[in-house]
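J.: show me how the following folds:
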Amino acid sequence: MVPLSWYLLLSALLFAIGAVGALWRRNAITIFLSIELMLNSVNLSLVAYARILAVRTGELAAAHTGQVIVFFVLAVAAAEAAVGLALFIAVYRNRRTIDVNRQDLMRW
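T.: Prediction:
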């Protein structure tokens, strides 16, 4: 059995990569993908904790509970991706760029 610390270390590494990508990139799609990577790292830690809980308590339902929650989170993330990409297309059609430093949509 793989220790919980390995899952958490991998989750923290993925979250750090996503955070660096979200903070340092200028392309909106790259920022969006970095946020999705951060979301998936949280999902990994959630499943790992649910698995450890199932092992310690002896209940198989606890492990499946974490997977079901992750399933719903991924469904919401898929809807978010569809709406986000539609927004990127709309911004690109109006501004001809999706560089976040060149966007001034809130200015008069």
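J.: what separates the host helix or strand of F71 from the chain centre, distance-wise?
T.: Assignment of secondary structure by DSSP states H and E places F71 within helix 60-95. Relative to the centre of its chain, helix 60-95 is centred 8 Å away, using CA atoms, centre = their mean, to the nearest Å.
J.: and for stretch 7-26?
T.: Centre to centre, stretch against its chain (CA atoms, centre = their mean), the figure for stretch 7-26 is 10 Å.
J.: give me the contact list for it.
T.: Outside stretch 7-26, the residues that touch it by CB atoms under 8 Å, 6 or more residues apart in numbering are 30-31, 33-38, 40-42, 44-45, 48, 99-101. The way it works is simple: take the backbone N, C-alpha and C, and place the C-beta from them, glycine included.
J.: swap the cut-off to 6 Å and go again
T.: If you take CB atoms under 6 Å, 6 or more residues apart in numbering as the criterion, stretch 7-26 is touched by 31, 34-35, 37-38, 41, 44-45, 48, 99-101.
J.: just the buried members of those?
T.: The neighbour-count test (16 or more other CB atoms under 10 Å) marks 31, 34-35, 37-38, 41, 44-45, 48 as buried among these.
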